[in-house]
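Asks: Have a look; sequence and predicted model below, questions after that.
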Amino acid sequence: MFKTRRFVENSTITTSFACVSITTTVLLCLWDIAGKTKTLYRVIPTTSAAMDITADFLAATVLILNTGSTLILHHDKVKKNHNSFEKIDNFLQIAKSRNDDSKFVKICVHCAAFLTFAVDIYSRKGAYGWDNYKYNLAALFHLYRLQLFVLRIYNLTAKISKRFELLHQKVDKIVNSGDKDFAIPRLVTCMKCHYVLSKIMKNVSSLYGCQFVLVQKMLALYIVASIYFFYLVSHKGILLHIDEAFCYVLWVTIFLMICGFLLVFSCDRANNRATAVAKSCQDIIRMSSVDPRLKKLLKQFMRQIGIVNPKICYPDECRVSRKTFIRMTGNIINYLIIVFQFDN
């Protein structure tokens, strides 16, 4: 009774916090766009203003979707993922104090973010004035929260990758052990752990799949905005401020390197580690020295992996992999066509 009441109270607090966060994000986005419409957008090209509005809207949408998905719609999946990790860590003998987060990556992300924001404030405040620029602080706040979202996904996929790697080593160690009666029940437990990790990957896809798509579109949009800026400099006779040009380069670098490579490559690594166990099982089955009972169990393990098909994917079931950058290239070309047609 007490646990049920406590669960309801925690759920109510979580939902209230999510509603406050979503409302704040919406209000800041509206204040940002409305303020810049009266000031900043009157002194910059219309095409640049349209891309800036779209980028601000996409950033706010990612944050709203993430808050609604993790704290309201699928809060139970987040808790299940946490509980599942605890069970898997007990089997793989991973200490609770062990930290999977990469401190170096976190430091680099925050340093790059603050450097970019500082250069952005310095260059554009000097070019447009504080009264015109101050509304952009809301967009910078949303973009910083977006960096935190990418770091959270990176940490989560790193945990998944590490546990698949340890599970892979566990399977090899069990099969190579001499005690066959001991190996069979342990191998069955490995199959269960792999299934649970696969379910976690499915939950990650349902929780964050839409956000992955929007972040990908934001990457393409920032690259197009930078290309368009240098087009204006070279063809429209706009005066080039070296600090503002450096700011555009930083924006592309931070989003392409951090939001792009960090997000895509971490998910791609988790997908590859999930399927590596099946390849290892196939190699073990081919060995003549392996016990027939273990071979039968390993074949069952391979069928389970094929049926579950563990992967982190977009809403259209397409895997998040390095091929994502090929898809993003198509978005960049489409955006460039639209921008230059609108500009003409």
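Replies: Nice, thanks for sending it over. Keep in mind the model is a prediction, meaning the values are calculated, not measured.

Asks: Tell me, how many residues neighbour residue 27?
Replies: 11 (other CB atoms under 10 Å). The C-beta positions use only the backbone N, C-alpha and C, and glycine is treated the same way.

Asks: part of a helix, is it?
Replies: Yes: checked against DSSP: H, G, I helix; E, B strand; the rest coil, residue 27 lies within a helix.

Asks: Against residue 122, how distant is it?
Replies: From residue 27 across to residue 122, the span is 27 Å (CB to CB, to the nearest Å).

Asks: Residue 310 falls within a strand, correct?
Replies: No: with three-state DSSP as the criterion, residue 310 is assigned coil and is not in a strand.

Asks: Now do the buried residues in stretch 38-47.
Replies: 39-41, 44, 47 (16 or more other CB atoms under 10 Å).

Asks: So which of those residues belong to helices?
Replies: Among those, DSSP state H puts residue 47 in helices.

Asks: Show me the two of the buried residues of stretch 38-47 that sit farthest apart.
Replies: Taking CB to CB as the measure, the buried residues of stretch 38-47 reach their widest spread between 39 and 47, a distance of 17.8 Å.

Asks: And the host helix or strand of residue 222, what does it pack against?
Replies: Element membership for residue 222, per DSSP states H and E: helix 180-235. Packing contacts for helix 180-235, counted by 3 or more CB pairs under 8 Å, 6 or more residues apart in numbering; DSSP states H and E, involve helix 46-68, helix 75-92, helix 136-176, helix 242-254, helix 263-285, helix 292-308, helix 324-343.

Asks: The second one - contacts with which helices or strands?
Replies: When you say that, I think you mean helix 75-92. Going by 3+ CB pairs under 8 Å, 6+ apart, helix 75-92 lies up against helix 136-176, helix 180-235.

Asks: repeat that with 6 Å
Replies: helix 180-235 (3 or more CB pairs under 6 Å, 6 or more residues apart in numbering; DSSP states H and E).

Asks: What of the longest one?
Replies: Packed against helix 136-176, as judged by 3+ CB pairs under 6 Å, 6+ apart, are the following elements: helix 2-38, helix 46-68, helix 103-128, helix 180-235, helix 263-285.

Asks: Please spell out which residues along the third one are buried.
Replies: In this case it means helix 103-128. 105, 109, 112-113, 116-117, 119-121, 123-124, 127-128.

Asks: want to throw those residues into JSON lines with distance to residue 89?
Replies: Formatted as JSON lines, these follow (distance: CB to CB, whole Å):
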{"residue": "105", "distance to residue 89": "21"}
{"residue": "109", "distance to residue 89": "25"}
{"residue": "112", "distance to residue 89": "31"}
{"residue": "113", "distance to residue 89": "31"}
{"residue": "116", "distance to residue 89": "36"}
{"residue": "117", "distance to residue 89": "37"}
{"residue": "119", "distance to residue 89": "42"}
{"residue": "120", "distance to residue 89": "41"}
{"residue": "121", "distance to residue 89": "43"}
{"residue": "123", "distance to residue 89": "47"}
{"residue": "124", "distance to residue 89": "47"}
{"residue": "127", "distance to residue 89": "52"}
{"residue": "128", "distance to residue 89": "52"}
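
Asks: Make JSON lines from those and add pLDDT to it.
Replies: Below are those laid out as JSON lines (pLDDT from 0 to 100):
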{"residue": "105", "pLDDT": "80"}
{"residue": "109", "pLDDT": "81"}
{"residue": "112", "pLDDT": "80"}
{"residue": "113", "pLDDT": "81"}
{"residue": "116", "pLDDT": "81"}
{"residue": "117", "pLDDT": "83"}
{"residue": "119", "pLDDT": "80"}
{"residue": "120", "pLDDT": "80"}
{"residue": "121", "pLDDT": "82"}
{"residue": "123", "pLDDT": "77"}
{"residue": "124", "pLDDT": "75"}
{"residue": "127", "pLDDT": "71"}
{"residue": "128", "pLDDT": "73"}
